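Q: Take a look and give me a structure for this.
(one chain, ligands or ions: 1)
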Amino acid sequence: MLAKLKLVISFAVVTVGIAYAARAQDLGPGFHKIKDGIYTFAPDQLTTTCSFVVTEAGVVMIDACNSPLDSRRMADAIKKVTDKPIMFLIDTETHSDHTGNHFIFSPPATVINAQGAADGMKKEYNPKRAETLAAKSPEMRQALKGEKMIPPHIEYKDRMTINLGERTFKLIYLKNAHSFADTAVWMPRTGTVRVIGSQCAHVYQFTPNGGVTGCHRQL
Ligand SMILES: [Zn+2]
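A: All right, here's what the predicted structure looks like:
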């Protein structure tokens, strides 16, 4: 399932934002506050991350988390930070550690990735994924309730801009970077995006200090 090239996307630099009541440490282990309203969830050093950004008009998630248990933790964390709904879920690639748990967030989230993502997900789909995961623990079985594959509702070509509340998200298609369809997400008003195709594991999309560790050298 995992190709050699990995994607690491990070936000960097400044933001002026609204102060949200919840602190990252209130959200549970593995949650990091990058900037006001921008959080990432890295369960451990080896697990694929997922992130969420709060706006005045709702939440944007980036990737759907590695396991259904992680996704449930993410959903709980978002509820602690805001009562606004998840409006969009942007995938940065098609593999199941990013896309297999769409069902936990959508509805209400509209899922977005680049052209070719749905075809890619269908090609890579493992019909035994839920069964295999469910065998791990009763908690995992419970977290899988309602499991089904949800391909992106929207596939864009080359570029897409989402304006939600006070924030802007620029989606940039990355050709042949890692999976059948890969997206970098850039928030121009809050910082820059760095996109790194490397052989390092896609552990961090955001890091707590807004940078990327350990991956640059492998470019
Ligand atoms: Zn991948």
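Q: Verify the assumption that Ile78 is located in a strand.
A: No: under the criterion used here (DSSP: H, G, I helix; E, B strand; the rest coil), Ile78 is helix, not part of a strand.
Q: Run through the residues that contact it.
A: Phe52, Val59, Met61, Ile86 (C-beta atoms under 8 Å, 6 or more residues apart in numbering). Where C-beta positions appear, they are placed from N, C-alpha and C, glycine not excepted.
Q: List the buried residues of stretch 78-96.
A: Residues 78, 81-82, 86-96 are the ones in stretch 78-96 that count as buried (16 or more other C-beta atoms under 10 Å).
Q: near the ion, from those residues?
A: Restricting the buried residues of stretch 78-96 to those adjacent to the ion (criterion: C-beta under 5 Å from the ion) gives Glu93, His95.
Q: Nearest to Ala181 among the contacts of Ile78?
A: Met61 (17.1 Å; C-beta to C-beta).
Q: How much space separates the residue of the chain found nearest the ion from Ala117?
A: Distances from the chain to the ion, computed as C-beta to the ion, single out His95 as the nearest residue at 3.5 Å. Taking C-beta to C-beta, to the nearest Å as the criterion, His95 is separated from Ala117 by 11 Å.
Q: what is the mean pLDDT for stretch 147-156?
A: Confidence over stretch 147-156, taken as the mean pLDDT, stands at 97.
Q: Can you get me the start-to-end distance on that stretch?
A: 25 Å (C-alpha to C-alpha, to the nearest Å).
Q: which parts of it are buried?
A: Applying 16+ other C-beta under 10 Å to stretch 147-156 flags Glu147, Met149, Ile150, Pro151, Pro152, Glu155, Tyr156 as buried.
Q: residues in contact with it?
A: Contacts of stretch 147-156 from elsewhere in the structure, counted by C-beta under 8 Å, 6+ apart, are 68, 91, 100, 102-103, 106, 110-118, 121-122, 125, 130, 160, 171, 173, 181.
Q: mind listing which of those are in helices?
A: Taking DSSP state H, the ones among these that sit in helices are Pro68, His102, Phe103, Ala117, Ala118, Met121, Lys122, Ala130.
Q: any idea how far Glu131 is from the closest residue to the last one other than its chain neighbours?
A: Ranked by C-beta to C-beta, 6 or more residues apart in numbering and with sequence neighbours excluded, the top spatial neighbour of Ala130 is Glu147, at 4.6 Å. Going from Glu147 to Glu131 by C-beta to C-beta gives 10 Å.
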